[in-house]
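Asker: Got a predicted structure plus its sequence, pasted below:
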Amino acid sequence: MSIEVNNITKIYGGQKALDNVSFSIKSGEVIGFLGPNGAGKSTMMKIVTCYLPPTEGSAKVSGYDVEENSIKVRERVGYLPEHNPLYLDMYVKEYLEFVAGMCKVPNKKARVAEMIGKTGLGPEQHKLIGALSKGYRQRVGLAQAMIHDPEVLILDEPTSGLDPNQLVDIRALIKDLGKEKTVLFSTHIMQEVEAISDRVIIINKGKIVADSNTRDLQAKASGQQVFTIEVENEVEKKVFEKIPGIDNVEKVGDKKWRLISSSKEDLRSTIFQYAVEQKLSILTLSKEEQRLEDIFRELTKNN
């Protein structure tokens, strides 16, 4: 396992930020780490990256314990914290060369040039970091996290402050990195998780409330199926109510309907066959997937 977290508890004063948290991540997985503000995401990331010690429990990265072998762990981890700490009076290229030097990166200049290219910093590389927009500062943070070619990347809100075009580029970069590295990232953008993660871990009030790949999570969380059908004919509601397995019918357009079922069986073939028998001309028929945003709200609604 690339990351192993076993029964981690973290207490600040009288507040329990993490409560007996356990999970493991295999090498090459891209994991979306979700939770409301104050749920414990950043605390967990700080423990895995050796910035904070746990109150109880243990964590390992690439087989090294975060307390007993913190130097070995830091050598293997690239970390972008939520509040990106940068030297604002340094130039972009100068700063990355400085970080590469601290990490004893071989072929330093070539590696810096590679990271500048990968993160799209080329036009800004000769500017002071303090003169950059928030989005470009975030790119500098990503570049420094990757500069030493770590086995594991821990990214806390990596796309914060990026415009829509930059979002597409950085998401593609993170997904590409996941082919050879382990990536654990937090975000509040649900579409981002669906786009790039292999698996989702949701934390609420310091406890893990879900740990699954996105499709399985949608299947488990949804207690019902929703089908959307659009027909050419004018149809009364009672016509659709007679379809076997359909519990509720809602009109959502001129000739468009939502058919709701608690059945575990995919009813699309049943709906189609029924429509044929009723001589209804079907324009579209689709099954709605429950949105990750809805699942997140359901699992964390008591926060």
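Answerer: Here it is on my side, so go on.

Asker: Might you list the low-confidence residue ranges for the protein?
Answerer: 215, 218-223, 289-291, 302-303 (pLDDT under 70).

Asker: Per the annotation, how does it divide into domains?
Answerer: Listed domain ranges for the chain are 3-212, 220-294 (source: automatic domain parsing).

Asker: Highest average neighbour count across those domains: which stretch is it?
Answerer: domain 3-212 (a mean of 18; mean count of other CB atoms under 10 Å). The C-beta positions use only the backbone N, C-alpha and C, and glycine is treated the same way.

Asker: Geometric centre of this protein: which residue is closest?
Answerer: In the chain, the residue lying closest to the centroid (CA atoms, centre = their mean) is G32, at 2.7 Å.

Asker: elements contacting the host helix or strand of it?
Answerer: Using DSSP states H and E, the element containing G32 is strand 30-34. Strand 30-34 sits against helix 41-48, helix 164-177, strand 182-186, helix 190-196, strand 199-204, with contacts defined as 3 or more CB pairs under 8 Å, 6 or more residues apart in numbering; DSSP states H and E.

Asker: Restrict the fourth one to CA atoms and write it as CSV.
Answerer: Spelled out, that is helix 190-196. Taking Å, rounded to 0.1, in the frame of the first residue of the first chain, the C-alpha atoms of helix 190-196 are listed here in CSV:
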residue,chain,number,x,y,z
MET,A,190,-17.9,17.6,-7.2
GLN,A,191,-17.5,17.6,-11.0
GLU,A,192,-13.7,17.6,-10.4
VAL,A,193,-14.0,14.4,-8.3
GLU,A,194,-16.1,12.7,-10.9
ALA,A,195,-13.7,13.7,-13.7
ILE,A,196,-10.4,12.6,-12.3
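
Asker: How far does it sit from its chain's centre?
Answerer: Centroid displacement of helix 190-196 relative to its chain, using CA atoms, centre = their mean, to the nearest Å, is 6 Å.
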